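> Just need the structure, nothing else, for what follows:
(one chain, ligands or ions: 1)
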Amino acid sequence: MNIGIVCYPTFGGSGVVATELGKALAKNGHRVHFITYSQPPRLDFFNENVFYHEVFIPSYPLFQHPPYELALSSKMVEVVKNHNLDLLHVHYAIPHASAAYMAKQILKTQGIHIPIITTLHGTDITLVGKDPSFEPVVTFSINASDGVTTVSESLKQDTYDQFPIERDIEVIPNFIDLERFRKQKKDHFKTAIAPNGEKILVHTSNFRKVKRIEDILQMFAILRKQTCVKLLLIGDGPERVGLEKLSRDLGISADVRFLGKLDAIEEVLSIADIFVMPSEKESFGLAALEAMACEVPVISSDAGGIPEVNIPGKTGFLSAIGDYEDMAEKAAIILQDDQLPIFRANALARAKEFDINIILPRYEFFYEKILKQTSVSGYEVAK
Ligand code: GMT
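As a prediction, the model looks like this:
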């Protein structure tokens, strides 16, 4: 197949899922065209089946807000036409789904039919998407897509609960590349971070409010009174300055390291004993899955789709959102010498259920299904 992938070229979340999906599709022989405003960070290699098309937005004195969505639609039209794409798969509804709808309508006037598949990832539904500034467009473009997927059952339910959507939604969970995310031997690194054999807690995110990182600091402050522990925080974002201050105020800053944005997350996960994800909202929790693949148990909130990944009492524990005391109690259970190896093994076993080699065929199957449903003969009748 000739597939167009539209996504945010970001280090985490939907951008990573879209890029890894495209790479895996290319490995399987499909030709994959990425359409984004800059090169996705994980697309830094040569493969004869991977193409990258940058969306360029010309500046103009009238444009206080550059019309990215229009430039994106125009680029989609160009790529679909010139590279004979079979379908466009857009990740994150805003503004990709509506830009794709516009491209589709333009192409229709030129006798070209292009099916659109939209994958909803999380905050495009649970946070920003339902803001009245966007809701009508999000609703319309979900209903107008030829196929829609969500990354968890929970997000599918949220979509039905929060938008007037009547169409079918397919759940295809996020996946993991077990060749990249696996526990590596990093003893020198472990000794540098935890010279006295302290247990290591890790969190990674884009440091937004929705991640509730303050709960990690509060939980860590409790745990630190009973156990020798260190905390590594990977990532950066709007909450960081406040969090650094909170760690000083709590008197724990000597044991907390803010590592900033890192590419080789799997190296840090390789020395971790617990991964912490206390999010307010989380449609899936890809970062938790990455940790589990590196044999790291997870202490998390019970938000959104996290319970579909982290199984309480097996791969880690779930606590109510904001209950950092419970999180500290449960972390202490996992860290017991006779418990940690069991939780580690369970975490890896669970992560294997999300192996990219298992999930990729589900996307391929879905593509085939949508192509069949919208094939030119049946298409005009259907739409
Ligand atoms: O909101 C974010 O944290 C980024 C967001 C995205 O779409 O870029 O992440 C969401 O998508 C990820 C990949 O599908 C999921 O693993 C995350 O759980 C989800 N984040 C939230 O729902 C907050």
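> Which residue ranges of this structure form strands?
With DSSP state E as the criterion, the chain has strands at 2-6, 31-36, 50-54, 87-91, 116-120, 147-150, 170-171, 199-204, 229-234, 256-260, 274-277, 298-301, 316-319.
> Which residues of this structure lie near the ligand?
13-14, 17, 92, 121-123, 126, 151, 174, 206, 210, 281-286 (Cβ under 6 Å from any ligand atom). In short, each C-beta sits where N, CA and C put it, glycine included.
> redo that, cut-off 8 Å
When proximity is defined as Cβ under 8 Å from any ligand atom, the chain approaches the ligand at 8, 10, 12-17, 91-92, 119, 121-124, 126-127, 151-152, 155, 174, 205-206, 208, 210-211, 279, 281-287, 289, 304-306.
> Using ChimeraX, define a selection of the buried residues within those.
Here is the ChimeraX command that picks out the buried ones among these, judged by 16 or more other Cβ atoms under 10 Å:
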select :8,10,12,13,14,15,16,17,91,92,119,121,122,123,124,126,151,152,155,174,205,206,208,210,211,279,281,282,283,284,285,286,287,289,304,305,306
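> The residues of the chain next to the ligand in helices, which ones?
Gly13, Ser14, Gly15, Val16, Val17, Thr123, Asp124, Thr126, Leu155, Leu286, Ala287, Leu289 (DSSP state H).
> all helices for the stretch 251-383 of the chain, in order.
265-269, 286-293, 324-334, 340-352, 356-373, 376-382 (DSSP state H, counting those that start in this stretch).
> Need the winner for burial among these.
By mean neighbour count, with neighbours taken as mean count of other Cβ atoms under 10 Å, helix 286-293 ranks first of the helices of the stretch 251-383 of the chain at a mean of 27.
> From the contact counts, what lies against it?
helix 13-27, helix 265-269, strand 274-277, strand 298-301, helix 340-352 (3 or more Cβ pairs under 8 Å, 6 or more residues apart in numbering; DSSP states H and E).
> Let me have those in TSV, extended by mean pLDDT.
Compiled in TSV, these are given as follows (pLDDT from 0 to 100):
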stretch	mean pLDDT
helix 13-27	95
helix 265-269	96
strand 274-277	98
strand 298-301	98
helix 340-352	98
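> Return the mean pLDDT over stretch 188-202, rounded to an integer.
Averaged across stretch 188-202, the pLDDT comes to 96.
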